[in-house]
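Novice: From the sequence below, what's the structure:
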Amino acid sequence: MRTPGIGLGALLAIGCANSSRSPEVRFVSVPDFVNMDLQYRDPRLFDLTVARQLELGAEIESGGPQAAINPHVGDFVGTVEQGYRGASQVLLEALHAERADFFTVSGDMLYTRWPKTEQLAQGGADAHIRAEADVYYDGWIDSVRDFSGYDHANQQVFTVVGDHEVGDNNWPAEKRALLDVYREVYVAKLGNPSTSREGAYADAPSGMEGRVFAVQRGNLLLVGIDQFAVLDQRRGPIDVHGAQLEWLASTLTRAADDRSIDHIVVLGHAPIARQSEVRIGLSSGLMNDTDEAGELWQLFVRYGVALYLPGEVHAVSVQEAEGVVQVVTGTNLFQPTGADSFVGDEPFDLSGGLASEENYLLIESFGNRLELTLKQIETRIWGFRGTDLDPVNDEPYKDREARVSMEASEVGFVEVGTLTLRTTSAGTSIEEASGLLR
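Specialist: Numbering: from 1, shown residues only. Below is the predicted model:
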């Protein structure tokens, strides 16, 4: 970490003293997990037996709860008996096996287009948002806890606001009128408790409790920002402004002088630096309104932020600007490998699954370096276009499923990229890189 007032020799001495073969902190990062409305043990993404498939089909046929939540899942292809496991269950079990200290998601936990676009201005839209949050946020939290072991209630899960948490882009006037409700349910369900009670490194700015945070874990300071805090136009703005920017400067100033902190890692949703170099998958590709020359990134530079972890673009790339490294990761489960069109336009065929993949990033914090490892597994996806099937929400994935073959599941996630970041008084530098993180 760049540390004003501490010379290079002293900084290196501190780093050597704190360095060891075992990391001080380990955490896992999965931006955009899962970027769809997730029910508990969702049959599209979790292990499914033939018996459970028949049970769900009967429930749909009889108009039971499953019919309202997920009415178009009667034609499942992949079951355990047919040699397939649920893709998200396999991922969460892999995160559990990492035995990390905590789990982070840089926004877009759900699809969250509640209600459908044409229904936004109708009466009852706010009640609709709250009702959907009870189903899908609770399903997300419970699934993560039960299958990965990371418990939000015990401050083992840290998330930040993405565009989906505020209704997904764009933001016409009728959606902007509901922003307070979207924020209310996010904070109530997934707001980080360390921002508003004992345990915060710095209290969140007034009115942003639960959405903006700074917490210290070992020698690492984890900071979460909200780039969607000021949405007063159809497309944004997407950036950090005003009181939040002042809070960030104050927090980073304090951390730069804190010898117990070797590394500052910031979570945000939209990439900031070297935007023309950021790979974009099947995504709207939102970027921060300012780039590495803007005030936000220059705060990172000035106060020695080592690493910025965004998502949004459903692709992997690495950028460095003025001694701060940006590592963009995450996937869209329903993005076919090599596809060049949006998922809603992809002609899915129930008789033949398409190849896709999912990944996660492991970050290990040592005294004077961060070691990052990207792990990935191949998935298979089936489904139908179905973009107009949902009468309530704009969620296009009602009749799609993502599976991992038994063979791939037994092998597990494989290493597809590594990155070692070295911190000195001059900032953070890339010491070694391989694979997809090169």
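Novice: Can you check the pLDDT for residue 117?
Specialist: At residue 117, the pLDDT value in this model is 81.
Novice: Excluding residues flanking it in the chain, which one is nearest it?
Specialist: residue 394 (6.1 Å; CB to CB, 6 or more residues apart in numbering). For every residue, glycine as well, the C-beta is placed using N, CA and C.
Novice: Next up, the contacts around the one you found.
Specialist: With contacts defined as CB atoms under 8 Å, 6 or more residues apart in numbering, residue 394 is in contact with 111, 113, 116-117, 168.
Novice: Regarding residue 410, what is its secondary structure?
Specialist: helix (DSSP: H, G, I helix; E, B strand; the rest coil).
Novice: Residue 429 now?
Specialist: Secondary structure of residue 429, per three-state DSSP, is strand.
Novice: now swap in residue 53 and tell me
Specialist: Per three-state DSSP, residue 53 ends up helix.
Novice: and the longest strand for this structure?
Specialist: strand 369-382 (DSSP state E).
Novice: quick one: strands adjacent to the helix or strand following that one?
Specialist: Downstream of strand 369-382, the first helix or strand assigned by DSSP states H and E is strand 401-405. Under the criterion DSSP bridges, strand 401-405 sits next to strand 84-86 (antiparallel), strand 369-382 (antiparallel) in its sheet.
Novice: between those strands, which one is nearest to residue 302?
Specialist: Among the strands paired with strand 401-405, strand 369-382 comes nearest to residue 302, with 19.4 Å by CB to CB.
Novice: what does the average pLDDT come to for the closest one?
Specialist: 95.
Novice: would you turn the strands paired with strand 401-405 into CSV with distance to residue 204 and mean neighbour count?
Specialist: Output for the strands paired with strand 401-405, formatted as CSV (distance: least, CB to CB, whole Å; neighbours: other CB atoms under 10 Å):
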stretch, distance to residue 204, mean neighbour count
strand 84-86, 36, 25
strand 369-382, 25, 22
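Novice: could I get the ones you listed as a markdown table with distance to residue 293?
Specialist: Shown next, in a markdown table, are these (distance: least, CB to CB, whole Å):
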| stretch | distance to residue 293 |
| --- | --- |
| strand 84-86 | 44 |
| strand 369-382 | 25 |
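Novice: picking up where we left off before, how much space separates the residue nearest to residue 117 from residue 165?
Specialist: 15 Å (CB to CB, to the nearest Å).
Novice: In the stretch 51-200 of the chain, where is pLDDT below threshold?
Specialist: 69-75, 193-198 (pLDDT under 70).
Novice: List the contacts of the residue nearest to residue 47 when sequence neighbours are not counted.
Specialist: Spatially, and ignoring its direct neighbours in sequence, residue 47 is nearest to residue 86 (4.7 Å; CB to CB, 6+ apart). If you count contacts by CB under 8 Å, 6+ apart, residue 86 has them with 42-48, 402-404.
Novice: what about the longest helix in the protein?
Specialist: In the chain, taking DSSP state H as the definition, the longest helix is helix 125-148.
Novice: And the following helix or strand past it, what's buried?
Specialist: Note on helix 125-148: by DSSP H and E, the next helix or strand toward the C-terminus is strand 157-159. Going by neighbour count (16 or more other CB atoms under 10 Å), the buried part of strand 157-159 is 157-159.
Novice: Go through these and say which is closest to residue 98.
Specialist: Of the buried residues of strand 157-159, the one sitting nearest to residue 98 (CB to CB) turns out to be residue 157, at 14.0 Å.
Novice: you'd agree that closest one is up against residue 142?
Specialist: No - counting by CB atoms under 8 Å, residue 157 does not reach residue 142; the two are 11.7 Å apart.
Novice: Residue 143 and residue 47 touch, don't they?
Specialist: No - with contact defined as CB under 8 Å, residue 143 does not reach residue 47; the gap is 11.9 Å.
Novice: In CSV, could you pull the C-alpha coordinates for stretch 110-120?
Specialist: C-alpha atoms of stretch 110-120 as CSV (Å, rounded to 0.1, in the frame of the first residue of the first chain):
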residue,chain,number,x,y,z
LEU,A,110,-30.5,-10.9,-8.7
TYR,A,111,-32.2,-9.8,-12.0
THR,A,112,-34.5,-7.5,-10.1
ARG,A,113,-36.6,-6.1,-12.9
TRP,A,114,-39.6,-5.9,-10.6
PRO,A,115,-42.1,-5.2,-11.9
LYS,A,116,-42.1,-5.4,-15.7
THR,A,117,-41.3,-2.2,-17.4
GLU,A,118,-44.8,-1.4,-18.5
GLN,A,119,-46.1,-1.9,-15.0
LEU,A,120,-43.6,0.4,-13.2
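Novice: what's the offset of the longest strand of the chain from the middle of its chain?
Specialist: Counting by CA atoms, centre = their mean, to the nearest Å, strand 369-382 is centred 14 Å from the centre of its parent chain.
Novice: for residue 205, phi and psi?
Specialist: phi -60, psi 150 (degrees, to the nearest 10).
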